[in-house]
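Enquirer: below are the sequence and a predicted model; questions follow.
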Amino acid sequence: MQFPGFLLLAVLVAGSALGVILLRNPIHSALFLTVNLAGVAALYLMLQAQFLALIQVIVYAGAIAVLFVFAIMVLIPGKEETGPDPLHAQRWLAVPLTGVLLLEVLLILRSGAFQAGPPAAGAPIGVEPLYRLLLTDFLFPFEVSSVLLLAAIVGVMALTKRKAS
Amino acid sequence: MVPPSYYVALSAVLFAIGVLGVLIRRDPLIIFMSIELMLNAANLALVAFGRAHGGAAGQALALFVMAVAAAEVAVGLAIIVSIFQLRRRLSVDELSVMRG
């Protein structure tokens, strides 16, 4: 029964990956990359890797995609926005559509579909096996990765520091 | 439950798209994004194999891949920005020397 969800996510992920490499405008590529990373996070959820899905959203969709957008803004000075807004007609649809969305969410909440049931007993879900592994078998790579991140921080600061002239 | 081989197949597709992006684009930013796509594909395969194998080792490895990817993007974008400040153009074909 999970299969339709997987198919939908697979199409989304592959399509947004194609969007990343085929679109002309780098900012569109960065936005499609964000869609792709979020789709992969949802796939992690389907694979019962909840912690990894959260980290994927925080690190990739949060930090790395923002870093890409920031670099694009620095590197490619956009053209002055002149002329009429091409999406002007959509602006008038925004308020009613948002209202409909709010109404929909409220109706769903009122319908009682989200009543908290009793907590599932003995569910083996969680990060406990992961962090146990990280702090025992993978302790050395774990520490080395902290050194790597520190080296990256120092390296980026050394690379981008302007010469005092 | 979806069999893990489907996830691995999807990961292969994503990896191929990433390779294609590296090969057909000249913009270093897009090449970096394609590299991110490939790292993600590898992560997806790791998690899928970890799920098939049982245990959390696949997830632990994927976590390390994420840490390396974050460091790589930060340093790579810094290099691209400093190259851009020197040359004012962005194309990997023109970067045949690595001298500042």
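Expert: Ah, there it is.
Enquirer: any idea how far the residue positioned nearest the centre of chain A lies from B:F49?
Expert: Among the residues of chain A, the one closest to the centroid is A:A61, at 2.8 Å (CA atoms, centre = their mean). In this view, A:A61 and B:F49 are 23 Å apart by CB to CB, to the nearest Å. Just so you know, the C-beta spots here come from the backbone N, C-alpha and C atoms, and that holds for glycine as well.
Enquirer: where are the low-confidence patches of chain A?
Expert: Applying pLDDT under 70 to chain A flags residues A:1, A:77-85, A:115-126, A:162-165.
Enquirer: walk me through the domains of it.
Expert: A:1-77, A:130-165 (automatic domain parsing).
Enquirer: and the shortest one, which residues are buried?
Expert: The one in question is domain A:130-165. Across domain A:130-165, burial judged by 16 or more other CB atoms under 10 Å in any protein chain shown covers A:L130, A:L133, A:L134, A:F138, A:P141, A:F142, A:S145, A:L148, A:A152, A:V156.
Enquirer: tell me the two of the residues you listed that are most distant?
Expert: A:L133 and A:V156 (29.9 Å; CB to CB).
Enquirer: per-residue pLDDT, B:L90?
Expert: For B:L90, the model assigns a pLDDT of 68.
Enquirer: B:L46 too?
Expert: pLDDT at B:L46 comes out at 93.
Enquirer: check which helix or strand it maps to.
Expert: helix B:28-53 (DSSP states H and E).
Enquirer: helices and strands around that helix, which ones?
Expert: helix A:3-22, helix A:26-46, helix A:65-75, helix B:4-24, helix B:57-87 (3 or more CB pairs under 8 Å, 6 or more residues apart in numbering or on different chains; DSSP states H and E).
Enquirer: make it 6 Å
Expert: helix A:3-22, helix A:26-46, helix B:4-24, helix B:57-87 (3 or more CB pairs under 6 Å, 6 or more residues apart in numbering or on different chains; DSSP states H and E).
Enquirer: what's the most buried one of the ones you listed?
Expert: helix A:26-46 (a mean of 21; mean count of other CB atoms under 10 Å in any protein chain shown).
Enquirer: many thanks, we can stop here.
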